[in-house]
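Trainee: please find the sequence and the predicted model below.
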Amino acid sequence: MIIRKAVPADAHQIAGLIILAMDDLAAKFAGESDPFKAIPLFEHFAALPGNQYSYENILVYEEEGVVSGMISAYDGADLETLRAPFLTYLQTTYGFDSIPEAETEAGEYYIDCVSVAQGKQGRGIGKKLIVALIEKVIPAKHHTVGLLVSLNNPQAEKLYGRLGFKTVSRRHFMGGDYSHMQYGLSGDTSSDS
């Protein structure tokens with residue numbers, strides 16, 4: 001088992017994991033009813049630099065040469081810059097013309113996706129990825145790590161709570177309702193959202 005920075009060659013495996021994490025959101029982006037039809041979309045962006053789904057923003061959990069988990073995260077201040085190529089591509093390729101609400105903000109290091117492959121869940125892989133991100137990746141200038149978790153996913157909310165994340169607000173994002181949770185790297189969480 002190894003946790004490492006992703007590389008472009010991981011894009012296909014990463015795309016499938018993003019779909020598992022996003023589910024209906026991925027389907028909305030691609031204008032499909034089946035989220036797995038969005039795999040080519042996320043494979044494309046996972047292999048490219050300079051976007052919110054780029055390998056540059058991803059750590060992977062690899063076992064025996066297979067990526068079985070991933071976490072993507074970036075500086076919340078960079079959200080608009082990182083999402084711009086993705087939204088432009090969605091509009092020109094899929095006719096998606098909505099502008100999603102901001103899911104993060106400046107001052108927060110944002111966890112966009114955490115996903116563990118089917119059949120590998122329940123083994124602590126997601127927790128290991130979150131801990132690795134917090135301990136090894138987040139720049140020193142950040143004091144808060146944030147994420148959104150669907151109100152329809154209480155198990156995930158409990159997991160993040162056990163890791164020290166606290167719910168600071170509720171957010172509406174692309175038709176769904178989410179808990180905005182934060183982890184304070186300096187020992188306390190911020191509630192300015």
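Mentor: Cool, got the structure. It should be emphasised that the depicted structure is a prediction, and the values quoted were computed from it without experimental measurement.
Trainee: direction included, what does the helix or strand harbouring Ser72 pair up with?
Mentor: Element membership of Ser72, judged by DSSP states H and E, is strand 66-75. Here strand 66-75 is paired, per DSSP bridges, with strand 58-63 (antiparallel), strand 109-116 (antiparallel).
Trainee: packing partners for the helix or strand just after it?
Mentor: Per DSSP H and E, the first helix or strand lying C-terminal to strand 66-75 is helix 79-89. Secondary-structure packing of helix 79-89 (3 or more CB pairs under 8 Å, 6 or more residues apart in numbering; DSSP states H and E): helix 39-46. Placement of C-beta: from N, CA and C, glycine included.
Trainee: in the least confident helix or strand in the chain by mean pLDDT, what counts as buried?
Mentor: Lowest by mean pLDDT, DSSP states H and E among the helices and strands of the chain is helix 24-30, with a mean of 88. By neighbour count on 16 or more other CB atoms under 10 Å, the buried set for helix 24-30 is 25-30.
Trainee: in the chain, where is pLDDT below threshold?
Mentor: 186-193 (pLDDT under 70).
Trainee: tell me the bridge partners for Ser179.
Mentor: Val149, Arg170.
Trainee: number of nearby residues for it?
Mentor: Applying other CB atoms under 10 Å, we find 22 other residues in the vicinity of Ser179.
Trainee: from memory it sits against Leu148, does it?
Mentor: Yes: using CB atoms under 8 Å, Ser179 is in contact with Leu148, at 7.1 Å.
Trainee: anything in contact with each of the two?
Mentor: Jointly contacting Ser179 and Leu148 under the rule CB atoms under 8 Å, 6 or more residues apart in numbering are Arg171.
Trainee: sounds good, over and out.
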